[in-house]
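Undergrad: Compute the structure for the input listed below.
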Amino acid sequence: MANRPLRDFYEILGVQRTATPEEIKNAYRKAAFKYHPDRNPGDGEAEENFKEAAEAYEILRDDNKRSRYDRFGREGLRGQMPNYSSSEDVFSVFDEIFGGGFFNGFSGGRRSSGPQPGASRKVQVEITLEEVSKGAKREMQYRRLEACEQCKGSGATKGSGSAKCPTCGGHGVVEAVMGFMSMRTTCSRCGGRGSVIEKPCKACRGAGRTEAIRKVTIEVPPGVDDGMRLHIQGGGDAGEQGSPFGDLIVFISVKQHQFFVRREMDIYCEVTIPYHRAVLGGTVTVPTISGTAELSIPRGIQPGQALRMRGLGLPTPNAPDSRGDQFVIIGVDVPKNVTGRKKELIEELSKLEGDEVRPKTKGFLDKLRDFFAEGE
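TA: Numbers count the residues shown, from 1 in each chain. Predicted structure coming up:
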């Protein structure tokens, strides 16, 4: 966002940190209405505010992202921040939340800026945590609107044409006067084109588009998180009257792992080692997201203690050479039944150590929670 100081998301929308989802949505609606480019033509500051409000809403409307932001600030959203390079990138958020006609009260909505692309199509891709580590590819099929082969997208029967729309007089918008105010809206009859088809094509019934099945290879980059979205330009519906295609929006779903737990780019797991290895120390083989690795166990390690394996976490989005860490929480396997020589040795050890009882100290997870709580 331009070179401006980063502001608190709640401050951007003008709401309290205790605001309800409905209050946040209403605040976003108000901000988007105020800074919309059609109301502020040529105003770069308004456009930045427009994008800034959309960014704030994208985070605060998602319970998981909002919780991370409340606890850790923007740092807790590393790799999950939306990227709006222009105000046009924000319109997909509006269409998804408020519908395409939300801003049609100004200059005929987005149609005023020229030919409008078709609607976005949405698909969902589920990947594993291992695929988060290395990236993934998916071959998918989905339906979208493409130009009608019969009329080549014109919507008119061959040999016929179009005529000026009788409702808007060819302007594409109609104006309603209410007291001292006037409101311009897109013409409902011609859809803003200013013309109507005289003899509609029978194949597409004048729409100029028909539904088709499209195949696509989706490349998911390393480091993505659950709930992230990928935009494939031109993968959506064809626009009307030869306008550009919309985008394909890919929603990423990361399958819960049976062994690893993720926190941003770091991963956590728990392993159980024999009690003698906890006492004497040594090396054990532990699983990682990309195979196995040797982990050095210090002498006298305590249950619940965590060991860091640097660089064995997940890659940072857009920077795959930068990776998080893996934390291994140690559990100690205490045998339930011992006999023979093992029992004799343990009994001999118990005589040497005695039966002193010590109060339990905070475990690793408690300390971890305290650590993160300090940053709130």
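Undergrad: Strands of the stretch 51-200 of the chain, start to end?
TA: Counting by DSSP state E, counting those that start in this stretch, the stretch 51-200 of the chain has strands at residues 121-127, 136-147, 162-164, 173-178, 181-186, 195-197.
Undergrad: Show me the one of these that comes nearest residue 238.
TA: Comparing the strands of the stretch 51-200 of the chain against residue 238 with Cβ to Cβ, the closest turns out to be strand 136-147 (5.1 Å). (C-beta placed from N, C-alpha, C; glycine too.)
Undergrad: thinking again about what came up before, so which of the strands of the stretch 51-200 of the chain gets nearest residue 315?
TA: Using Cβ to Cβ, the nearest of the strands of the stretch 51-200 of the chain to residue 315 is strand 136-147, at 12.7 Å.
Undergrad: Next, the buried residues of the closest one.
TA: 136, 144-147 (16 or more other Cβ atoms under 10 Å).
Undergrad: Between the residues you listed, which sits nearest residue 312?
TA: So of these, ranked by how close each gets to residue 312 (Cβ to Cβ), first place is residue 136, at 19.4 Å.
Undergrad: can the strands of the stretch 51-200 of the chain go into a markdown table with extra columns for mean pLDDT and distance to residue 298?
TA: Converted to a markdown table, these look like this (pLDDT from 0 to 100; distance: least, Cβ to Cβ, whole Å):
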| stretch | mean pLDDT | distance to residue 298 |
| --- | --- | --- |
| strand 121-127 | 91 | 36 |
| strand 136-147 | 92 | 37 |
| strand 162-164 | 79 | 80 |
| strand 173-178 | 74 | 74 |
| strand 181-186 | 72 | 70 |
| strand 195-197 | 79 | 79 |
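Undergrad: With distance to residue 214 added, can I get the ones you listed in TSV?
TA: As requested, the strands of the stretch 51-200 of the chain are exported to TSV (distance: least, Cβ to Cβ, whole Å):
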stretch	distance to residue 214
strand 121-127	9
strand 136-147	5
strand 162-164	28
strand 173-178	33
strand 181-186	28
strand 195-197	26
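Undergrad: between these, which one is nearest to residue 34?
TA: Of all those, strand 181-186 comes closest under Cβ to Cβ, at 16.7 Å.
Undergrad: circling back to that earlier point, which members of the buried residues of strand 136-147 define the maximum pairwise distance?
TA: Farthest pair in these, by Cβ to Cβ: 136 and 147, 31.6 Å.
Undergrad: and the gap between residue 11 and residue 17?
TA: 10 Å (Cβ to Cβ, to the nearest Å).
Undergrad: one step back: could I get the buried residues of strand 136-147 in CSV, plus columns for distance to residue 123?
TA: Listed next are those as CSV, based on distance: Cβ to Cβ, whole Å:
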residue, distance to residue 123
136, 14
144, 10
145, 15
146, 16
147, 21
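Undergrad: To residue 258, which of the strands of the stretch 51-200 of the chain lies closest?
TA: Here strand 121-127 is closest among the strands of the stretch 51-200 of the chain (Cβ to Cβ), at 15.0 Å.
Undergrad: Go through the closest one and flag the buried ones.
TA: For strand 121-127, using 16+ other Cβ under 10 Å, the buried residues are 121, 123, 125, 127.
Undergrad: next one: stretch 231-247
TA: Using 16+ other Cβ under 10 Å as the test for burial, stretch 231-247 gives 232, 235-241, 243, 245-247.
Undergrad: Tell me the one of these nearest residue 174?
TA: Nearest member of those to residue 174, counting by Cβ to Cβ, is residue 240, at 18.4 Å.
Undergrad: Give me the phi and psi for the closest one.
TA: Here is the backbone geometry of residue 240 (degrees, to the nearest 10): phi -80, psi 150.
Undergrad: Hmm, it is touching residue 204, no?
TA: No - applying Cβ atoms under 8 Å as the test, residue 240 and residue 204 come out as separate, 11.0 Å apart.
Undergrad: By residue count, which helix of the protein is the longest?
TA: helix 44-60 (DSSP state H).
Undergrad: With adjacent residues omitted, what lies nearest to the most centrally placed residue in the chain?
TA: Taking Cα atoms, centre = their mean as the criterion, residue 228 is the residue nearest the geometric centre of the chain, at 2.2 Å. Take residue 228 and drop its neighbours on the chain: the residue closest to it by Cβ to Cβ, 6 or more residues apart in numbering is residue 252, 4.6 Å away.
Undergrad: That neighbour touches residue 223, doesn't it?
TA: No - applying Cβ under 8 Å, one finds residue 252 not in contact with residue 223, separated by 10.8 Å.
Undergrad: For the two, indicate the residue with more neighbours.
TA: residue 223 (24 against 20; other Cβ atoms under 10 Å).
Undergrad: wait, isn't the more buried one in contact with residue 317?
TA: Yes - here residue 223 reaches residue 317: they are 3.9 Å apart, a contact under Cβ under 8 Å.
Undergrad: Quick check: chain neighbours aside, which residue is closest to residue 215?
TA: Per Cβ to Cβ, 6+ apart, closest to residue 215 is residue 141, 5.4 Å.
Undergrad: do residue 190 as well
TA: That would be residue 165: by Cβ to Cβ, 6+ apart, it lies 3.9 Å from residue 190.
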